[in-house]
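Chemist: Give me the fold of what follows.
(one chain, ligands or ions: 1)
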Amino acid sequence: MARMVVPAAEELLDKEIKVLDKGFVRLVDYMGGDERIVQSARVSYGAGTKSVRQDRGLIHYLLRNDHTSPFEQVQLTFHTKMPIFVARQWVRHRTARLNEISGRYSVMRDEFYVPAPEDVCIQSANNKQGSGEALPMEDALEIIRQFEADQKALYARYESHLEKDLARELARINLPLSLYTEWYWQIDLHNLFHFIRLRADAHAQKQIRVFAEALATCAAAVAPLAYEAFEEHRLYSLKFSRSECLAIQAMLAGQPNPLEGRNLQIFESKLAQIPFFEKIQEPDEPTPPSPATVS
Ligand SMILES: Cc1cc2nc3c(=O)[nH]c(=O)nc-3n(C[C@H](O)[C@H](O)[C@H](O)COP(=O)(O)OP(=O)(O)OC[C@H]3O[C@@H](n4cnc5c(N)ncnc54)[C@H](O)[C@@H]3O)c2cc1C
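Modeler: Model prediction:
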């Protein structure tokens, strides 16, 4: 079959999705889409083309049962620009191919990430890797002013070293993690879903989460049925340990929850992700009137 063209993806091609203050995600190219996943899966069975409803069912079946290799047949290439501290987290995802701007070859641009005041937060009290409450506006603005002053001074020093003909590969070494870098990044849909699941998660740092969300927009355009199945079976699904399954079993039988301490806390934080779970737990509570009956 000829090259697959997906109209929603064509619409997105070459358009910069703005992320953070100076970053972006740009879908450069793609290969395949929902149809390619279906073709690749059906080649195993030698079956011909089926209706969209059957395609959707098949795609959901594949993801539900971890038959993920047909999703690897879809490729996406991105041009992205992000601060170096985001790039360092991003590059941990090994199942992609990338080419990054070289600070040995090029003069790095005077572009640094500066957080918005609402993102200047104190250290989280219960998560050693996380942020807590936002600082009062006055304090946040002062931190931002300090960030900017340091970035300006370091870049001025960088330029002065370049003017003295210091090698670019050495002149750059004191530039900070807030400096923007950019790369071309190619990944297949299966591994992109894995990236999005980990990095769009509330436990990931906000500054990479917003990139994961932009990548998700592109994935949904290229393969909407696959993205829908990913949301259903991965992104918004929950994983329970054996002990947690036993706890659910006990609760459903009206028995006390056997979990305690930290295990109970973890379990409850999972349950809190289920919308309206508290309402489900309290069957005696009177049911609120449905919107249609409210006068
Ligand atoms: C919230 C969060 C916090 C994190 N904190 C830290 C931290 O404090 N310190 C730190 O160092 N890292 C940290 N990481 C990075 C994390 O440990 C992983 O390296 C990163 O998420 C990439 O995941 P991955 O290996 O599954 O992805 P990929 O590299 O894309 O791999 C995808 C999958 O391919 C398989 N795979 C790939 N390469 C190999 C291989 N060589 N051998 C076997 N299987 C392979 C694995 O099944 C893997 O899950 C953090 C990640 C997250 C999301």
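Chemist: which residue ranges form the strands in the stretch 51-200 of the chain?
Modeler: According to DSSP state E, counting those that start in this stretch, the stretch 51-200 of the chain carries its strands in the segments 75-83, 96-100, 121-123, 131-134, 180-188.
Chemist: Let me know which of those is the nearest to Glu213.
Modeler: Of all the strands of the stretch 51-200 of the chain, strand 75-83 sits nearest to Glu213, with 12.7 Å by CB to CB. From N, CA and C alone the C-beta is placed, and that goes for glycine too.
Chemist: for that closest one, packing partners?
Modeler: strand 23-31, strand 180-188, helix 189-199, helix 206-222 (3 or more CB pairs under 8 Å, 6 or more residues apart in numbering; DSSP states H and E).
Chemist: Now mean pLDDT and mean neighbour count too, for these, in a markdown table please.
Modeler: Output for the helices and strands packed on strand 75-83, formatted as a markdown table (pLDDT from 0 to 100; neighbours: other CB atoms under 10 Å):
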| stretch | mean pLDDT | mean neighbour count |
| --- | --- | --- |
| strand 23-31 | 98 | 20 |
| strand 180-188 | 98 | 20 |
| helix 189-199 | 97 | 21 |
| helix 206-222 | 97 | 20 |
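Chemist: Identify all contacting residues around stretch 62-71.
Modeler: 36-38, 40-41, 61, 188-190, 193, 226, 229-230, 232-234 (CB atoms under 8 Å, 6 or more residues apart in numbering).
Chemist: Could you tell me which of those belong to helices?
Modeler: Arg36, Ile37, Val38, Ser40, Ala41, Tyr61, Leu189, His190, Phe193, Ala226, Ala229, Phe230 (DSSP state H).
Chemist: Quick check: the gap between whichever residue of the stretch 151-295 of the chain sits closest to the ligand and Ala2.
Modeler: Nearest residue of the stretch 151-295 of the chain to the ligand (CB to the nearest ligand atom) works out as Leu198 at 3.9 Å. Here Leu198 is placed at a distance of 35 Å from Ala2 (CB to CB, to the nearest Å).
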